[in-house]
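**Student:** Predicted model and sequence follow; I will ask about them next.
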Amino acid sequence: MSLYRFSLTRRLSNASITTKLIGIVVMFLIAIAGVIAMVQIAFMVTSGVQAYIIGEGLWSKAQKDAVYHLARYADTQDPADYEKFAAAVAVPLGDRMARVELLKEKYDRVIVMQGLVAGGNALSDSSSLIFIFRNFRNFGFVADALKTWADADVQIDALIELGAQLRDAVNSRRLDTRRLQMFVDRINEIDQNILPLEKRFSGTLTQGARSAQAVMFVVIVIVAEGLLTLGLLVSWLISRDLRASIDGLREGAVRVARGELDHRITVRSKDELGDLTMVFNDMIARRREAETALIAATDFHETVMESVTDAIFTMDTEGRFTTANRRTTIVTGYPVEELLGQPWASLFSQEHLPEMFERLSSTIQGRGPILNFEVPLIQKSSSTVLISFSAVALKRDGVIFGVVGAINDITDRKLAEEELKNRADELTRSNEELEQFAYVASHDLQEPLRTVSGFAQLLSKRYVGKLGAEADEYIHYVTSGAQRMKSLIEDLLAFSRVTREPRAMEDEVDLNQVVRSALANTRAAIDAAGASVTCEPLPTVRGNERQLIQLFQNLIGNAVKFRREVQPVVHISADEGDGEWRFTVRDNGIGISAQHAEQVFGLFQRLHGRDKYPGNGIGLTICKKIVDLHGGRIWVVPGDSGAVFRFTLEARNAHGHFVGV
């Protein structure tokens, strides 16, 4: 019992306040419902017993009418009297039909109702009669009354059989005076047998009804008292729990108000008050942490303010300094005691005051911060330094009460930037001069080179085979050297032309036509190698058409040149993604190893001897330069099963539609 009480108390303690209040209401509703149910049962029992007593009266009257009409039939031998006998005896027969059906485990309510109505019972009493029979047939006086009813039905059966015998005798005209007297005596005997059964049935039910009423009254009182006691107990437990939690909260609030931040309120339940207690304890802990953090923040603020490299300060809405760190005094040249209370306007020249005033006013009015505004500042010594000025509004409860600002002395940085810009300009001029020199040199060297080459070829035609083998070798060296020099100068001139062309890429270029032109330019090499070149539909982009033709021409030429001992196969494709077009030129040639993937784009970088693969190593350099000028990237995918060159062009300049090759 103590364990159950502890469990009940714990469950009530952990329930929500709403659940507790609902529980109190439910307990009283259960008590009321229990009392009403008991009263209803008592009413049904009383009504049922009264219905059985009334039914017994109807049964008794019908039995007496049956005896009377059967005796009269014996005297008059009139069939009408026998019919009246049969009608009278139908009442107890109907009651018996209902009783027999109710004795079954699963009875037919329709048959029971028909039997009760045939027995003269009111239809409205049927439910009470069935309720008593089915629920109390084995209980005390009800069982005795039903046994008496069954005994009386035996006598009714005897009376019905006697009536049948009498009718047979009358119909056969074999009824003499002696036999008639025998029937009359038997009728009186049965009547006398039924009379005590009727009295016993009626007496049993009457006495049982009185006893049942007394028992039901006691039961109702006990149940009502028990339910009300349980409801009061639950209410007392709930109120005690609520009162204890409220008292704990009140005590905790008082102690916290006195500054006892180490106090912790005991959590007595898991209801709303328990949650409130935990929140209250958490609030106390947070306040304790906040005070600790405030102390630490104050120390940190002082340490940081004095350690940062930027000048940090605050001003009120009138523009007067209210706080400033050590760096602020260094930048402005004013000691802290002189700076505090001083207006910001005293640090700037008249030329910059209007713009500074407008920006600070906008910040103080909440229209946005000042971010990295560069302006000259006048120090106390009248020297001027260039600063980067930032400020943001300070708010308390949604109201701006000042600004916090930062000043960074950028004088040295600006001087360094200016020097860097000057050096960049100088480097640009130097690069332009170098490009000009390369162009001029490669252009002007062609004339003397043609002279050397021409005389070398003339020597070769006239004297090869005439001056000896050693002279032929020297003439060959001169001729091949002149040819290589010519090739180098032409490649250098081509590279310089790419760098010297205007870099505006505004022409709409159909890359399908570009590839056609590149194929036409390399047709001789393609046919000589028996190469197969295929191309998927390519987009239209904005760029320099001549440079793009050279780009594809160089890539196709490389694919055909660096081939294996099989038919060269070259495939060109394009796809769009991430705001750019990605182009792929794939071949089945000798490929490029990973260690040379970057080297191949360098100027005059060769991976093979000229005796095997001719060229000067400038073609891919030109490709990279063209792609760079178009804002893209180019790279090679290393591998031994062929080279895969990929490059990108910006898709935002493209129409995005495809044109067939």
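**Tutor:** Done, it's in. Numbers count the residues shown, from 1 in each chain.
**Student:** going forward, measure contacts and count neighbours with C-alpha atoms only.
**Tutor:** Will do.
**Student:** Which of the three states applies to residue 120?
**Tutor:** The local conformation at residue 120, judged by DSSP: H, G, I helix; E, B strand; the rest coil, is coil.
**Student:** Can you name the residues that contact it?
**Tutor:** By CA atoms under 8 Å, 6 or more residues apart in numbering, the contact set of residue 120 is 55, 58, 91.
**Student:** List the contacts of the second one.
**Tutor:** With contact taken as CA under 8 Å, 6+ apart, residue 58 is in contact with 91, 119, 120, 121.
**Student:** Widest-spaced pair of the residues you listed?
**Tutor:** The largest separation in those, counting by CA to CA, is between 91 and 121 at 9.3 Å.
**Student:** circling back: a markdown table please, covering the contacts of residue 120 and showing secondary structure.
**Tutor:** Converted to a markdown table, the contacts of residue 120 look like this (three-state DSSP):
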| residue | secondary structure |
| --- | --- |
| 55 | helix |
| 58 | helix |
| 91 | helix |
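**Student:** Could you pull out the strands in the stretch 551-661 of the chain for me?
**Tutor:** Taking DSSP state E, counting those that start in this stretch, the strands of the stretch 551-661 of the chain run over residues 569-577, 580-587, 634-637, 644-650, 658-659.
**Student:** Would you map the helices across the stretch 101-250 of the chain?
**Tutor:** 109-118, 126-136, 140-172, 177-257 (DSSP state H, counting those that start in this stretch).
**Student:** just checking, what's the longest strand in this structure?
**Tutor:** strand 384-396 (DSSP state E).
**Student:** so how far is that strand off the chain centroid?
**Tutor:** Put simply, strand 384-396 sits 43 Å off its chain's centre (CA atoms, centre = their mean, to the nearest Å).
**Student:** partners of that strand in the sheet?
**Tutor:** Strand 384-396 has these partner strands in its sheet, going by DSSP bridges: strand 370-378 (antiparallel), strand 399-409 (antiparallel).
**Student:** Any idea which of those gets closest to residue 421?
**Tutor:** Per CA to CA, nearest to residue 421 of the strands paired with strand 384-396: strand 370-378, 18.4 Å.
**Student:** contact partners of the closest one?
**Tutor:** 332, 347-349, 352, 359-360, 363, 384-392.
**Student:** switch the cut-off to 10 Å
**Tutor:** With CA atoms under 10 Å, 6 or more residues apart in numbering as the test, strand 370-378 has contacts from 331-333, 346-349, 351-352, 355-356, 359-360, 362-363, 383-393, 405-411.
**Student:** likewise stretch 74-82?
**Tutor:** Contacts of stretch 74-82 (CA under 10 Å, 6+ apart): 66, 68-73, 85-88, 163-164, 166-167, 169-171, 175, 180-181, 183-184, 187.
**Student:** to the chain's geometric centre, what's the distance from it?
**Tutor:** Counting by CA atoms, centre = their mean, stretch 74-82 comes out at 95 Å from the chain centroid.
**Student:** do the same with stretch 623-640
**Tutor:** Chain-centre distance of stretch 623-640: 44 Å, with CA atoms, centre = their mean.
**Student:** That one: which residues count as buried?
**Tutor:** Neighbour counts using 16 or more other CA atoms under 10 Å place 623-627, 629-630, 632-636, 638 of stretch 623-640 among the buried residues.
**Student:** What about those residues, which are in helices?
**Tutor:** By the criterion of DSSP state H, membership of those in helices covers 623, 624, 625, 626, 627, 629.
**Student:** Closest one of these to residue 25?
**Tutor:** residue 627 (84.4 Å).
**Student:** Distance-wise, check that closest one relative to residue 357.
**Tutor:** As for residue 627, its distance to residue 357 is 50 Å (criterion: CA to CA, to the nearest Å).
**Student:** in what helix or strand does the residue most central in space within the chain lie?
**Tutor:** By CA atoms, centre = their mean, the chain has its centre lying nearest to residue 275, at 27.2 Å. Assessed by DSSP states H and E, residue 275 sits inside helix 272-307.
**Student:** Following the chain past that helix, name the next helix or strand.
**Tutor:** strand 311-316.
**Student:** Show the contacting residues for the residue of the chain most remote from its centre.
**Tutor:** Distance from the centre of the chain peaks at residue 177, with 105.9 Å (CA atoms, centre = their mean). Contacts for residue 177 (CA under 10 Å, 6+ apart) come out as none.
**Student:** sorry, back to before: determine which of the strands of the stretch 551-661 of the chain approaches residue 111 most closely.
**Tutor:** strand 569-577 (86.3 Å).
**Student:** Taking strand 644-650 as reference, get the angle to the closest one.
**Tutor:** Orientation check (axes from the mean of the first three to the mean of the last three CA atoms, to 10 degrees): strand 569-577 against strand 644-650 gives 30 degrees.
**Student:** ok now strand 569-577, how far from the chain's centre?
**Tutor:** That offset, for strand 569-577, works out to 41 Å (CA atoms, centre = their mean).
**Student:** One more: stretch 420-429?
**Tutor:** That offset, for stretch 420-429, works out to 56 Å (CA atoms, centre = their mean).
**Student:** what is the rounded mean pLDDT of that stretch?
**Tutor:** For stretch 420-429, mean pLDDT is 74.
**Student:** Distance of the residue farthest from the centre of the chain relative to residue 168?
**Tutor:** Noted for residue 177: a distance of 16 Å to residue 168, by CA to CA.
**Student:** got it, and residue 411?
**Tutor:** Taking CA to CA, one finds residue 411 at 145 Å from residue 168.
**Student:** Residue 18 now?
**Tutor:** Distance, residue 18 to residue 168, by CA to CA: 81 Å.
**Student:** Check residue 517 too.
**Tutor:** Counting by CA to CA, the gap from residue 517 to residue 168 is 135 Å.
**Student:** of the two, who's got more company?
**Tutor:** Neighbours per residue (other CA atoms under 10 Å) separate residue 517 from residue 168, with residue 517 holding more: 17 against 13.
**Student:** The more buried one reaches residue 553, doesn't it?
**Tutor:** Yes: between residue 517 and residue 553 there is a contact at 8.3 Å, judged by CA atoms under 10 Å.
**Student:** got the contact list for residue 348?
**Tutor:** 356, 375, 376, 377, 378, 379, 384.
**Student:** which one of the residues you listed is nearest residue 253?
**Tutor:** Using CA to CA, the contacts of residue 348 come closest to residue 253 at residue 356, 51.1 Å.
**Student:** quick one: the closest one and residue 515, what's the gap?
**Tutor:** Per CA to CA, residue 356 is found 59 Å from residue 515.
**Student:** before we move on, what about residue 166?
**Tutor:** Counting by CA to CA - residue 166 and residue 515 are separated by 132 Å.
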